[in-house]
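# attaching a predicted model along with its sequence, questions to come.
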Amino acid sequence: MKKVIKVVAAIIENDQNEILCALRSPEMAIPNMWEFPGGKVEKDEDIYAALVREIDEELGCEVKATGEVFNDNTHEYDTFTINLISIKCSIVKGSPMPSEHSKLLWLKRDNLDSLKWAPADIPAVEQLIHEKIVFSN
């Protein structure tokens, strides 16, 4: 059985209702695909603490969760299984700057499906797009 890696992802929305998308660098696993920034939850670490730590490490800014878990998805890749827990956040200090990712992009929900997303992130992307449709009706 493959090891399950628990990962948190930040769905960061700005004042213009745009979502922060991060392009995985060619050196990363699942290269050149888009994802919500985040990373592995360490042993004995709570998901919210992991989220704050990972965003500080990856983007050099501070976030706070604005709600409970938005999406919880388990996806099986060829060599590992990921349990991706997406949490909506807002930036409380600093501006996101890529350190591990090739590129950062702010996109409206309507345009999220124009990117090539990492498979584990797709359920959260679809939920965000659907949520927009529900709220605007």
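That came through, no problem. In this text the structure is predicted, and so the values were computed from the model without any measurement. Numbering: from 1, shown residues only.

# poorly predicted segments of this protein, please.
1, 132-137 (pLDDT under 70).

# okay, strands next: where are they in it?
Taking DSSP state E to define them, one finds strands in the chain at 4-12, 18-23, 34-35, 38-40, 62-76, 81-93, 103-108.

# turn these into a markdown table, columns for distance to Trp117 and mean neighbour count.
All C-beta atoms are positioned from the backbone trio N, CA, C, and that covers glycine. Converted to a markdown table, these look like this (distance: least, C-beta to C-beta, whole Å; neighbours: other C-beta atoms under 10 Å):
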| stretch | distance to Trp117 | mean neighbour count |
| --- | --- | --- |
| strand 4-12 | 11 | 22 |
| strand 18-23 | 8 | 21 |
| strand 34-35 | 5 | 22 |
| strand 38-40 | 14 | 20 |
| strand 62-76 | 11 | 15 |
| strand 81-93 | 11 | 19 |
| strand 103-108 | 11 | 14 |
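
# Leu115 is nearest to which of those strands?
Smallest distance to Leu115 across those (C-beta to C-beta): 4.2 Å, for strand 34-35.

# which neighbouring elements make contact with the closest one?
Strand 34-35 sits against strand 18-23, with contacts defined as 3 or more C-beta pairs under 8 Å, 6 or more residues apart in numbering; DSSP states H and E.

# can I get the strand it packs on in PDB? Just the C-alpha atoms.
The C-alpha coordinates for strand 18-23 follow below in PDB (Å, rounded to 0.1, in the frame of the first residue of the first chain):
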ATOM      1  CA  GLU A  18      -9.300  36.600  -7.400                       C
ATOM      2  CA  ILE A  19      -7.700  33.400  -6.200                       C
ATOM      3  CA  LEU A  20      -4.000  32.800  -6.000                       C
ATOM      4  CA  CYS A  21      -2.700  30.000  -8.300                       C
ATOM      5  CA  ALA A  22       0.800  28.700  -8.100                       C
ATOM      6  CA  LEU A  23       2.700  27.000 -11.000                       C
END
